[in-house]
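Colleague: got a predicted structure plus its sequence, pasted below:
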Amino acid sequence: MPPGTTSRACSTRTRRCTVGSAEERVLALVRLDGRLVSTTPAPLGAKFTRTPVQVGQQAPRVHTQTLTDVGGNAKAIDTRVPPATDMLKDDLYDVLG
């Protein structure tokens, strides 16, 4: 969208349709310049191969990018303004132990 323009939803509606045993999907239908435009339906929800951790269980160990991985460009891995560079020095995998 060009800078300075705004967009707003005038109304929302939800419908639940059952078509066979297909997975649930979500889509948006909007009126744009007098015509109806639709997004591509996207799957709703996530499929897990394992159940998420429960309260009190140890968090899964995952690798995160560091400042070294991105050549010192903190904006490449952090959306904060200003970037929290102190939190980007270490890989989470190493910090959690």
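Modeller: It's in. Residues are numbered from 1 along each chain as shown.
Colleague: how close does the residue of the chain positioned farthest from its centre sit to Gln65?
Modeller: What lies farthest from the middle of the chain is Gly34; by Cα atoms, centre = their mean that is 30.2 Å. Per Cβ to Cβ, to the nearest Å, Gly34 is found 45 Å from Gln65. (Glycine included, C-beta is placed from N, CA and C.)
Colleague: one more: Thr85?
Modeller: Distance from Thr85 to Gln65, by Cβ to Cβ: 13 Å.
Colleague: hmm, back to that, contacting residues around the residue farthest from the centre of the chain?
Modeller: Listed by Cβ atoms under 8 Å, 6 or more residues apart in numbering, the contact set of Gly34 is empty.
Colleague: just the one 3 residues further on next, same as before
Modeller: Under the criterion of Cβ under 8 Å, 6+ apart, the neighbours of Val37 are Leu29, Val30, Arg31.
Colleague: report the distance from the helix or strand it falls within to the chain centre.
Modeller: Per DSSP states H and E, Val37 falls inside strand 35-38. Centroid displacement of strand 35-38 relative to its chain, using Cα atoms, centre = their mean, to the nearest Å, is 24 Å.
Colleague: quote the end-to-end distance of stretch 80-93.
Modeller: 21 Å (Cα to Cα, to the nearest Å).
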